Structures are given as structure tokens and as C-alpha cells.
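Peer 1: please work out how this folds:
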Amino acid sequence: MTRKGFRIVPDPQAAGRRRQRLDQIFKHPAVLVAMGFLLSGVLGGWLTHRLDQQQRERESSVKSMDDLRASIDDLNAAFSDYIDRANKLVDLRESEAAASEIAVARADYQSAYYKWDQRLSVDAPNIRQRYPATADDPGVWPITVSLQMGTGFVSDCLEHGVLLKRPQTIRGSVMKIVCKDTTAKVEITVRERLLAMALCVGLFTTEMRPDPKDDLIDTRLYDPFRRAVTEQVKKNCDTQRLMGLVDAAGNLRR
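Peer 2: A predicted model of the protein is given here:
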């Protein structure tokens, strides 16, 4: 007791009794069950949601790459038919085959040309979307544009090129179709353009087709190796090369 009255002093054993009661409460089976249910419901639900989200992201990535491979495969199949029909038409014209044979080959070529052109129109945007341009890399956009232009170069030469006699017969070809849509003094034949297109499409559909084992690698489209490959494909798909103004060594033909 003090001059001002009584002073209440905390019971030193009270804190211990409270801890004991809390300990008994948390050890009670009902409380343990409730806490287990709470943890499993909240934490388990979060983990399940996270795993489901990761699975959906993986499935989305794989589907995107499957779509890319399908587009590239469609292009490859359409081009294969197109170049076969084009070479058949060139063979017949250069060997001076009967007009009826040439007419049939021309119709087959036109049909393959329309299918190839259609696949370019449909699949090129899909491919560009999965190889998007960046601030320092235009992606595959220049390649798909070159393919469209190269197709036009071949078509123009087949339609407006002139038949000139070869100095000597080559594999049954007495004549050669020479393109007349450039100011270059050197002769550019339709076969040279078809060969350049075949090399361009072959490299593009082989090198730019993603390997399934890399589907879940985030850097698959932007790593240095991929960029180097893309640059090599661009070099072989350059419009001057497809037009026949650049030779296989990369030298300008004049």
C-alpha cells in the first residue's frame, strides 16, 4: 500500500496460465482439425490454382508452337506442289512440246500457283505473329514479303519471258525462257528464279520451324543463335537474289 492508496500488482503466474490455456486450446483435436481444414483449403487451393495456371501456360505455349509448325508445314507442302508444276511447265515449253501438253501443264501450274499464293496469304501472318518484330529486329516479316515478291517474279517471267534458243540442248531443252522485267544486261532465266525460290523456301521451312523440345523455353525465338539463323535465311531470300540479280555467291549480276 502507498500513500495514495492500494497499488494493483500483476499476478506473475497469470501470463503462464494464459499460455497454458492457449496451449490447451491449440492442442484440442477440434481446433487442430479446423486449422488443418483452413490451411488445406486456403494454401491447398492456392497451390492448385498456381499449378493449373502453369499447366495452362505450358499448354498454350505448346499449342502456339504447334500452330507455327502447322503453318510452316502447310507452306512447304503448297510450295512443293507449286514448284513441281512450274518446272513441268518450263520443261514442256523449253522442249517445244505440243501446244495441248503445254495447255494442260499451264492449267496445273495456275491451280498450284493459286494454292501457294493462298497459303502465303493465310500462313504468313500467323508465322510473323510468332516471330514478332522488335526495335532492332524485324523478325521474319522481310522473308514472307520476299516470298510473295519472288512468286510474282516467277509468274511474270513465265507469262512475259521470251523463248530463246540455247547454244546446245540441255536435258532435252532446246530453248530457254529469259525474263524481260529487269534492266540488267545479263540473261536471267525462269529456272534461275525457281532455283532461288526453292533455296529460300527450303531454308525458311527447315530453319525457322521450331523444334518441339524447345517449346517451353522462353528465349527460343530471340536467342543469338536463332537470330543468326534468321539473318542467314533473310540473306538467301533477299528480293534481288530471288529476282536473279544476285548470284549464288552473293555477287551482283550486271
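
Peer 1: could you use CA atoms for every contact and neighbour count after this?
Peer 2: Fine.

Peer 1: gap between residue 79 and residue 109?
Peer 2: 11 Å (Cα to Cα, to the nearest Å).

Peer 1: does the most centrally placed residue in the chain sit in a helix, a strand or a coil?
Peer 2: In the chain, the centroid-proximal residue (Cα atoms, centre = their mean) is residue 127; its distance is 4.1 Å. For residue 127, the assignment made with DSSP: H, G, I helix; E, B strand; the rest coil gives helix.

Peer 1: for the closest residue in space to it that isn't next to it in sequence, grab the count of nearby residues.
Peer 2: Sequence neighbours aside, residue 68 is the residue nearest to residue 127 in space, at 6.0 Å (criterion: Cα to Cα, 6 or more residues apart in numbering). Counted by other Cα atoms under 10 Å, the residues lying close to residue 68 total 23.

Peer 1: before we move on, what about residue 240?
Peer 2: 17.

Peer 1: and the host helix or strand of it, average pLDDT?
Peer 2: Assigned by DSSP states H and E, residue 240 falls within helix 239-243. The average pLDDT for helix 239-243 rounds to 89.

Peer 1: for that helix, what is the distance to the chain centroid?
Peer 2: 22 Å (Cα atoms, centre = their mean, to the nearest Å).

Peer 1: in the protein, which ranges drop under the pLDDT threshold?
Peer 2: Counting by pLDDT under 70, the chain shows low-confidence ranges at 1-28, 30-43, 46, 49, 135, 217-225, 248-249, 254.

Peer 1: so which elements touch the longest helix along it?
Peer 2: The single longest helix within the chain, with elements called by DSSP state H, is helix 29-94. Counting contacts by 3 or more Cα pairs under 8 Å, 6 or more residues apart in numbering; DSSP states H and E, helix 29-94 packs against helix 99-130, strand 173-178, helix 190-207.

Peer 1: format those as TSV; extra columns: distance to residue 83.
Peer 2: Listed next are these as TSV, based on distance: least, Cα to Cα, whole Å:
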stretch	distance to residue 83
helix 99-130	8
strand 173-178	16
helix 190-207	7
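
Peer 1: so which of these comes closest to residue 148?
Peer 2: helix 99-130 (7.2 Å; Cα to Cα).

Peer 1: nearest residue to residue 238 other than its sequence neighbours?
Peer 2: Leaving aside its chain neighbours, residue 238 sits nearest to residue 146 (6.4 Å; criterion: Cα to Cα, 6+ apart).
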